[in-house]
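# my questions concern the predicted model and sequence given below.
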Amino acid sequence: MAKKLTKFDGDFKESHNLIRIMKPKISCVTDKGLRRESNQDSFLVNQDLGLYIVADGMGGHQGGEVASALAVKTIEEVIERNRNSLTDPKRILKEAYQEASRRIYDLATTQQTELLGMGTTMVLAYVVGPTIFIANVGDSRCYLFSEKQIWQITEDHSLINEQIRGLGLTMDQAKAMVGRNVITRSVGYERQVEPDVFEREIVEGESYLLCSDGLTSLVSDREINEIFLNGEREKISDLCVEEALNKGGDDNVTVMLINFGD
C-alpha cells in the first residue's frame with residue numbers, strides 16, 4: 001500500500017521469485033515544507049516488487065492528497081497483478097498509469113465532485129532483472145548519478161519546459177513568463193494520460209534519484225550534483241531535503257535514492 005512515511009531506509013532483497021538482481025539500498029525522505037499545512041506528496045517503496053514511486057498531488061489540500069495516494073496505490077496493484085506475466089514491462093507501466101488516471105478522474109467526476117480537477121504528477125522506477133524502467137508524468141523527476149555527474153532522465157511535462165524547447169527561451173526567460181508553473185500533463189486531471197517510459201541496464205555503482213518539484217524548483221541540478229559529490233550516499237536524500245528547506249521550503253518535498261552498490 002502507498003505510505004506517507006517521513007523516512008524509509010532499507011535494503012532491496014529480490015525483485016521477483018525467479019530473478020535475482022543487484023541489491024540497491026533505498027532511502028526516502030519527505031517533508032511538508034515550511035509554508036504548507038499538509039504534505040500532498042505520496043511515495044512507495046515495495047521491496048518485493050522492485051517498485052519505487054514518488055507522486056506530487058495537485059488540486060487543493062484534500063484533492064492533492066487523495067490523487068497522489070490513489071495513483072501510487074493503483075500502480076502497485078497493477079504491477080502486483082501482472083508480476084507473473086511480465087513479457088512487456090513498458091506496456092504494463094503504461095497500462096498502470098492509464099488505470100490510475102481513470103480511477104482518479106472517475107472518483108472526482110462521479111463520486112466526490114468536490115475533488116473535481118485533482119491530479120498528480122508521478123515518477124517511478126521499476127526493477128525487472130538486470131533492467132530498470134523509469135516512467136513519469138508531470139514534473140516529478142528522475143536523475144541518474146554516474147561517472148561523478150547527474151543526468152536528468154525524465155522530461156518535465158510543464159509549460160516552462162515547452163517554452164524552453166519550443167520557443168528557444170533560456171531558463172531565466174522562461175521563469176519570467178506568466179503561467180510558468182503550469183503542468184501540461186498529469187495523472188487524473190483527464191481520464192487518459194500517456195506516460196514517458198525509459199529503459200536502461202542496471203550498472204553497479206550508479207544511483208537513481210526520484211523527487212517531487214519541491215526539490216528541483218529550489219535546488220539546481222548543479223547543486224544536486226554537488227550534494228552527490230560531497231555527501232555520503234546514504235545521506236543524499238536527507239541532504240537534498242535539507243537544502244530545499246534552507247532555500248525557503250515553499251512546497252512539499254520528497255526525495256528517494258536508489259543506490260546500486262558502492
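Sure thing, it's come through. Numbering: from 1, shown residues only.

# contacts, neighbours, all on C-alpha from now
Fine.

# partners of the host helix or strand of S27 in the sheet?
Taking DSSP states H and E as the definition, S27 sits inside strand 25-31. Within its sheet, strand 25-31 is paired with strand 7-11 (antiparallel), strand 253-259 (antiparallel), according to DSSP bridges.

# worst average pLDDT in those?
Least confidently modelled of these is strand 7-11, at a mean of 45 by mean pLDDT.

# which other residues reach the helix or strand containing I132?
For I132, the host element (DSSP H and E) is strand 131-137. Where contact means CA atoms under 8 Å, 6 or more residues apart in numbering, the residues beyond strand 131-137 that reach it are 89-90, 93, 121-127, 142, 154, 156-157, 185-187, 194-202.

# check stretch 94-112 too.
Here stretch 94-112 makes contact (CA under 8 Å, 6+ apart) with 67, 70-72, 74-75, 78-79, 113-119, 187-195, 197.

# go on, stretch 145-159?
With CA under 8 Å, 6+ apart as the criterion, stretch 145-159 contacts 134-144, 179-185, 196, 198, 205-209, 221, 224-225, 228-229.

# list the buried residues in stretch 42-57.
Across stretch 42-57, burial judged by 16 or more other CA atoms under 10 Å covers 42-47, 49-57.

# confidence-wise, which of the residues you listed comes last?
Out of the buried residues of stretch 42-57, that is Q47, at 92.

# tell me which helix or strand comes right after the strand holding S27.
Remark: after strand 25-31, the chain's next helix or strand is strand 41-46, criterion DSSP H and E.

# what's the burial count for the closest residue to T30 other than its chain neighbours?
Closest residue in space to T30, ignoring its immediate chain neighbours: T254 at 4.1 Å, by CA to CA, 6 or more residues apart in numbering. A total of 31 residues lie near T254 under the criterion other CA atoms under 10 Å.

# touching, T254 and S27? I think so.
No: with contact defined as CA atoms under 8 Å, T254 does not reach S27; the gap is 10.8 Å.

# which residues touch P89?
F133.

# give me phi/psi at it?
Main-chain dihedrals, P89, degrees, to the nearest 10: phi -60, psi -40.

# one more: W151?
Dihedral angles for W151 - degrees, to the nearest 10 - are phi -130, psi 130.

# how far away is it from R35?
Distance, W151 to R35, by CA to CA, to the nearest Å: 29 Å.

# try E95
From E95 over to R35 the distance is 35 Å, taken as CA to CA.

# returning to that earlier point: out of W151 and R35, which sits in the busier spot?
Taking other CA under 10 Å, W151 and R35 do not tie; W151 has more neighbours (14 against 11).

# for the more buried one, give the beta-bridge partners.
L144.

# got the contact list for E80?
L49.

# could you check the pLDDT of it?
If you check E80, the pLDDT there is 96.

# off-centre distance for the longest helix along the chain?
If you go by DSSP state H, the chain has its longest helix at helix 60-81. In terms of CA atoms, centre = their mean, to the nearest Å, the centre of helix 60-81 is found 12 Å from the chain centre.

# swap in stretch 54-69?
13 Å.

# buried stuff in it?
Of all the residues in stretch 54-69, those buried under the rule 16+ other CA under 10 Å are 54-59, 61, 63-69.

# closest to D238 out of those?
V54 (15.5 Å; CA to CA).

# gap between the closest residue to that closest one other than its chain neighbours and W151?
The spatial neighbour of V54 that comes closest, neighbours along the chain excluded (CA to CA, 6+ apart), is F43 at 4.5 Å. Distance, F43 to W151, by CA to CA: 22 Å.

# cool, thanks, talk later.
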